[in-house]
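**Q** Pasting a predicted model and its sequence here:
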Amino acid sequence: MINMILKESEITGVMVQYFKVCKRELWFYINQINMNYDNDDIEIGKLIHENSYKREKKEIRLENLVFDFVKNKNEIEIYEIKKSSKLTIGGSYQLYFYLWTLKKSNINAKGYLVYPKEKKKKLIELNNEIINELNEITQDIIEIAKQKKPPKPINKPYCKKCTYYELCMI
Ligand code: SF4
């Protein structure tokens, strides 16, 4: 495997999400090793994504950022649609990354994780501690991209739902 040179400007919210959930999954994603073809959870997730908030404008792209949708009230609100609130850490950091990147362009925004199936939403706001952590995360992602081999499997309950389960555990 050729080691990947990833620039900071190429880091995406999905990479930050994977970093928080599993660094091995992040490495597979960066190296475009794709196992999504027969994972029912991903199909269900896509359906929820496509059928929820149909009236809102979908997938706003801004350089390396992709928002599920944006509302511009007194303040900009960015929304990320998720299938389940059971594993929120990755999605929260994906939104923190978007808010931080916007902040660096002097755009203050609020973020919301939304769970259409559960009719729930969660407010995500930046603070200095998270900003410091994001600085470290982006540098760590660049280092993981350079590795010639993936990090070791983590073997957590989440693995059973992961598209790479067979690759990691069998
Ligand atoms: S199966 Fe587990 S260790 Fe392997 S990539 Fe998925 S989450 Fe990571």
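**A** Yep, it's here.
**Q** So in this structure, which helix runs the longest?
**A** Secondary structure assigned by DSSP state H gives helix 128-146 as the longest helix of the chain.
**Q** Briefly note if the helix or strand following that one comes near the ligand.
**A** Next helix or strand after helix 128-146 toward the C-terminus (DSSP states H and E): helix 165-169. Yes: looking at helix 165-169 against the ligand by Cβ under 6 Å from any ligand atom, the contacts come from 165, 168. Using the backbone N, CA and C atoms, a C-beta is placed for each residue, glycine as well.
**Q** mind listing what's buried in helix 165-169?
**A** Buried residues in helix 165-169, counted by 16 or more other Cβ atoms under 10 Å: residue 168.
**Q** same deal with stretch 92-109?
**A** Counting neighbours by 16+ other Cβ under 10 Å, one finds that the buried residues in stretch 92-109 are 92-102, 109.
**Q** could you give me the average pLDDT of that stretch?
**A** Averaged across stretch 92-109, pLDDT comes to 91.
**Q** residues in contact with it?
**A** Contact with stretch 92-109 is made by 11, 13-14, 16-17, 19-20, 64-65, 67, 75-78, 80, 110-113, 122, 124-126, 130-131, 134, 137, as judged by Cβ atoms under 8 Å, 6 or more residues apart in numbering.
**Q** Name only those of these that count as buried.
**A** Looks like those have 11, 13, 16-17, 19-20, 64, 67, 76-78, 80, 110-113, 122, 124, 126, 130, 134, 137 buried, using 16+ other Cβ under 10 Å.
**Q** In strands, which of these appear?
**A** Secondary structure from DSSP state E places 67, 76-78, 80, 110-113, 122, 124 of the buried ones among the contacts of stretch 92-109 in strands.
**Q** tell me the two of those that are most distant?
**A** 76 and 122 (17.4 Å; Cβ to Cβ).
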